[in-house]
Structure formats: C-alpha cells, structure tokens
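Trainee: Starting from these lines, generate the structure:
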Amino acid sequence: MTTTTLAALVPLLPFLGAAAGLLLGRTAPGFVRPLAVLPTLAALVLAAIVAVRQGGNASLDAATELTPTGSVPIELSLHIDGFAALVAVLVGLVATCVQIYSTGYLREDPRYPSYAALVSLFTSAMLLVVYSGDLIVLLVGWEVMGICSYFLVGHYWETPEARAASIKAFLVTKLGDVPFLIGLFALATDAGSFQITKVLGTVAHGGLDHPTLVALLLLAGVAGKSAQFPLHTWLPDAMAGPTPVSALIHAATMVAAGVYFVARLLPVFEASSAAMIVLAAMAAVTMVGSGLAALAQDDIKRVLAYSTMGQLGYMTGALAVGDRGAAVFHLLSHGAFKALLFLAAGVIIHAAGTNSLAAMSRMSHLRDRIPDAYWTMTVALLALAAIPPFSGFFSKESVLGAAEHVTEGHTGHAPGAAGWIVLVAGLLTALLTAAYATRLWLLTFYGRGAEAPDHGRQPLTMTVVLWVLAVPSLALGGFAYRTLPDWFDGNDLAPTLTTSVLGTGMTLAGALVTYAAWRHLAGLTARVPLGAVAAHPEGDAGLVEAEAIATHAPAYGDVASAPDPADPGRLLLGPLHRHAAVGFHLDAVYQNLCVRPVLAGASLVRFLDREVVDTYVRGAGALPRWLGTAVRRAQTGNLQTYVSALLAGTVVLAVAALLVASGA
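Mentor: Residues are numbered from 1 along each chain as shown. As a prediction, the model looks like this:
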C-alpha cells in the first residue's frame, strides 16, 4: 500500500469509528469501546508507518481537485513533511491514550457512546489539519474541532458551569475565526491558490501584496484557537468538561492547531517584521500572565490550564524568532507531559469520587493512596518545570536558545526586538513555572486539607496509560534534540550554555522559594491549631502566629472541611493574588467593553422594533380596520334607511349642482 493511501486512512479511520459509534451506541453498546479505541489505535500505527517512510526527507505531496470553483481551485491534497509526520504521531498517541483511559474514567457514564464518538471525530479533525495541503480543507478540520470542543466541554450539561464554558469556548474561538477566514481568502487571492506549497512559493518570490494585514488576520484565529492573549479566556473555564477531554485539547488537538498552523506557514509571517513583533509580544504577555495566574489557582485543572497557555507561549515565542523546529519540538514534548498531567489529575479527581473535589487546598494524604498518580505526575511536573534531564528541559532550552541567537544577530528571519522579548519573558516564565509546579505538587500530595473519601483502587486502564506517557515525558527530550533537526529545518536544537544556566537557575530559584514559603506556612500551622485560625479569622493580638496564618487562609466554621492554610501562592503573590486568581479581570473587561455594549445595542434595537416599527405597522393596520368598521355599520339591512340615504344624497348633489351653476 502506498504512503499516500496510508496517509489518507489516518484521518479517515477515526472518522469512520466516530460514525459507527454514533450509529451503534444505543443498539449495540458492546461495540462502543472497541469502536472508540481500535480505529484511533490503527490511525496511530498508520501515522507511525507514514512517519518512518517519510523519514524527514522531501515532503510527500498529492492533490486532486475537490470541486471546480471557476477561480481559485479547492483541492483535496496532502502535504506531509517532517513536521506533519511527527505531529500526527503525537496526535494519534495522545488520542489513543485518552480513549483507553476514558473506558475506565467514564465507565459509569450513560453518555459515554456519544462522548467516545466525539473524541474520535475530534482526533480525525486534528489529523486532517496536520496532513492537509489545502487551506480550505484545513479550515474544515479547524472548524470541526471547534464544534467538537463545544459538545465535549459541555458534556456535563446538567451543570451551569459546563453549559457556560462550552458556549464561551465556542464564541471566543469563533471571534478569532472570522478574521482568520478573511486572512485565508486574502492569502489565496494573492497566491492564486489555496494549496500550501503554492502559497509558500508565492511568499518566497515576494508575491504577497499586504503581508502585514494577512499575517495579523491569521494571528487572530491562532490566538483564539491556541488560547493566546487576548483570546485566551475560554481555556480555564473549559475545565468544566471531563478531564480526559482536557488532556486531549491541551496536549494534541485544538490549542496545538494554532501553533502548528503558524509553523506550517511561517514564511507568511516572516514576510512582515511587524507581525513577528506582535507575535512575540503576544507570546510574552501570555507566558508571564498565565504563570502568575497559575500560581493563584486552587483548582488543579485550572492550574494546568494556565500552564498550557504558558507553554503555548513558549511555542509561539519560538515562532516569533523564526525557529519552527524549536516550536514543534516543544509541541511534541509538551504533548506528552501535559497529557500525563491531566490524566494524573483525573486519577486524583476519580479517587475523590467527584469532579468537584479538585481544589488542591482540600487534598490530604494522596501520596500513599494513589502512588501511580504520585510518581507519574512527579515526572510530568519535573518535565514541565524543565529540570534536566526530563524532556521539557531540552525543548524549552531550544526555544530560549533560538531567542538568544536572534538577540545576537545570528539570523535574519526575525527582528532583534522579538528575540529580546521572548528571551526575557521566557526566563521569567521559567521561574513562575517552577513555582506553580512545586506548589501543585506540595499541596496535592503533601497538603493538610480535608480528607477526601477513599473510593478504592483506580481502574487498570487509567494507571497503565499514566506509565506509558511517563516514558516520553522522561526520555523524549534527550533523544529528540539530536535527531529532530534531520526531520525539521536542520537548525540545531541542542541546549546552549548561557540559556541553560540562566533557565535552570531561574527554575531552581522558583522551586526553592516556593518550597521555603510552604515550609514556613506549614511550620506556623503546625504550632497553631487550625481551629484557632478558624475561630480568629481577623487575627488576635495574643496569637501572632494565628494572625499570620489567618491572612493567608479564609475562616471556616467546620475545621474538618477547611482548606490547607499553607498555600505558598498567597504568600508569594501578596496583594497581586486576588487579581491573578481571576485572570487579572480580563473577563470583566470583556464584559464591560464587549458584552454590555452588545446587550445595550440589542435592547435599543428591541425598543425601536417594538415601539417604533411596530407602531407604524399597527397604525397602518388600524386605519383600514376603522374604515371597515364605519362601512360595516352603514350596512344595516333596513330598506327605509337605504332609501333615506339615497334621497339625502340626491338632495346634496342637487344643491351642489345649483351652487356651481349660480357661480358660473
């Protein structure tokens, strides 16, 4: 079987599995789980075969005209280079792990058949984006992922949080997709084709008439899909969906699509220095802001959500300095350890028996109860914090190294300002990442919160997946940075001495400061009973230590349900904590700048429609009605009345005739 045929089957198999799962979900429930796992697993195997055959050599291109348009043709085409081949393997691996994991996580869920089918459709759409060589076909997969995310985030539609989160995710991403669509048409108009290879050829020959405008329009869609500032607000709320969905969205689909798109069309963005500066600034604000916000969150999934935004910021930062190899390298390593983090968080939530007990401050004694989650999440957090030799260290250092090269003027693909922006923000984010990763680990596994009920041992399908993902989280980076340049553009991905020392130093500083703050607060709470804190929320002149603790923990009447007061995040952020906890009030800004004006405009239109337009309509109908009433009353059916009226009319006409005659 040819490589082209195998590649066409990769997105097709999950799509067929989704269709079959929806059709047989009620009539043959025994087939639901095999239809969820096997097509996705087969797609993973085929994607791996395609990657081996492609081998980082010349790209595989195949195209056939999908439909005649009379102008710019739309083609069903494949464009598989080293980037596409490896990203497809990542998508298949994470999707297969999520499907296997979900068979245990949602084993009692009555809506599992539709859930599994949507996950398969989600996977198929992302694989279509990865392999597609035509921008319109890519757009189809792009939008299918949007509708899948709407349904999956709103899986628990009984809860208002899930309903609101699904609507918000859909609307915010669509807000970016409108200019994105305009940008695609503008790009195809300049290139005369939607085919990616022809678009890149046009860019190489300077054929873009308005490169800055096109790039900025496309960046709006990328910001929405990949949750970058300022269209990132949907991602933390999307945690209302099932945890395996979060793993899929954050590790291999949806948010990865925006980064992959920019990597795919990077020359389009490099054609405009202004667009590269905007991309660098967007990455920097996202990295630093999400790091501060993650340090203030109590829900474990929201911490990981903000973490995803920050890591995506590293990827867009690498693209802003013109190194798509570093960006996709970090995309691959991040996909492994972020999927592991979310699925381990799912084990923690599953151990508590409910999706609502994800507050880290209320966790206690989890290390011994769920050892698989403890050890694998520790590996994933070390990778997230970029501790050598874990995978995140090598991929993150490749980003910082690329930024350093730009600041030194070693590349002409990006302005030097973009390099400085990404480098400074990346180093600061390394400190923040280590801080919130350490805080998450301490509060989750060593916390002093309320004891959650023990719901027994976790299903084997859940724990096995954790250990499978722990392998690339630990070993991928050291292997990949030597081999990936042959698959990518040939740029060196090895860590550089300067950024490695600075980045690792910032990481260790963040981890040590957070641990010291936690030990300090834990020591205070150990000497003062938690009941004293709960009884004296404002502090007491005679209890200095209780007063210190009370400033970092709210009062709870029931001590058994009180959260762990030893939260280093409150101490480290100080007065910034309450702002960071709500995402720096960006939702409130949108509420005042966007939502309220739209609602006010809608109220005005409704008033004009009811009080002005309807008034004219009612008036236009009332006049004939009144005339009809008058005429109807004249029709009495009395012959004498008719004769009298006739005579009266005759007299009136006669008098009128006489007056006219006399006047003449």
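Trainee: From now on I want contacts and neighbour counts done on CA atoms only, so please keep to that.
Mentor: Fine.
Trainee: Report the distance from stretch 292-305 to the chain centre.
Mentor: Averaging C-alpha positions (C-alpha atoms, centre = their mean, to the nearest Å) puts stretch 292-305 15 Å from its chain's average.
Trainee: tell me which element Q458 falls in.
Mentor: Using DSSP states H and E, Q458 falls within no helix or strand.
Trainee: what's the pLDDT at it?
Mentor: At Q458, the model reports a pLDDT of 78.
Trainee: Please give the number of neighbouring residues around it.
Mentor: 17 (other C-alpha atoms under 10 Å).
Trainee: Next up, the contacts around it.
Mentor: For Q458, the contact set (C-alpha atoms under 8 Å, 6 or more residues apart in numbering) comprises 347, 350-351.
Trainee: Distance check, it against T615.
Mentor: Remark: distance between Q458 and T615 (C-alpha to C-alpha, to the nearest Å) = 66 Å.
Trainee: For the stretch 551-664 of the chain, which segments are assigned as helices?
Mentor: Using DSSP state H, counting those that start in this stretch, the helices of the stretch 551-664 of the chain run over 568-573, 577-581, 586-590, 596-607, 614-634, 639-663.
Trainee: average pLDDT for the fourth one?
Mentor: Which is helix 596-607. 90.
Trainee: Report the angle between that helix and helix 614-634.
Mentor: 10 degrees (axes from the mean of the first three to the mean of the last three C-alpha atoms, to 10 degrees).
Trainee: now the strands for this structure?
Mentor: Secondary structure of the chain by DSSP state E: the strands cover 60-67, 74-80.
Trainee: lowest-confidence stretch among these?
Mentor: Looking at these, the weakest mean confidence is strand 60-67, a mean of 85.
Trainee: Within the sheet, what are the partner strands of that strand, with directions?
Mentor: Within its sheet, strand 60-67 is paired with strand 74-80 (antiparallel), according to DSSP bridges.
Trainee: circling back: comparing the helices of the stretch 551-664 of the chain, which yields the minimum mean pLDDT?
Mentor: Across those, helix 614-634 has the smallest mean pLDDT, namely a mean of 79.
Trainee: got the CA coordinates for that helix in CSV?
Mentor: The C-alpha trace of helix 614-634 is given here as CSV (Å, rounded to 0.1, in the frame of the first residue of the first chain):
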residue,chain,number,x,y,z
ASP,A,614,-44.5,48.0,15.4
THR,A,615,-46.3,51.3,16.0
TYR,A,616,-46.2,52.1,12.3
VAL,A,617,-47.3,48.6,11.5
ARG,A,618,-50.1,48.7,14.0
GLY,A,619,-51.2,52.2,12.7
ALA,A,620,-51.1,51.0,9.1
GLY,A,621,-53.4,48.2,10.0
ALA,A,622,-55.7,50.3,12.3
LEU,A,623,-56.8,52.8,9.7
PRO,A,624,-58.3,50.2,7.3
ARG,A,625,-59.8,48.5,10.3
TRP,A,626,-61.5,51.7,11.4
LEU,A,627,-62.8,52.4,7.9
GLY,A,628,-64.1,48.9,7.6
THR,A,629,-65.9,49.3,10.9
ALA,A,630,-67.5,52.5,9.7
VAL,A,631,-68.6,51.0,6.4
ARG,A,632,-69.9,47.9,8.2
ARG,A,633,-72.1,49.9,10.5
ALA,A,634,-73.6,51.7,7.4
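Trainee: Figure out how far that helix is from the centre of its chain.
Mentor: That offset, for helix 614-634, works out to 58 Å (C-alpha atoms, centre = their mean).
Trainee: which helices and strands does that helix pack with?
Mentor: Using 3 or more C-alpha pairs under 8 Å, 6 or more residues apart in numbering; DSSP states H and E, no helix or strand is in contact with helix 614-634.
Trainee: what's the angle between that helix and helix 639-663?
Mentor: Using the same axes, to 10 degrees, the direction of helix 614-634 lies 100 degrees away from that of helix 639-663.
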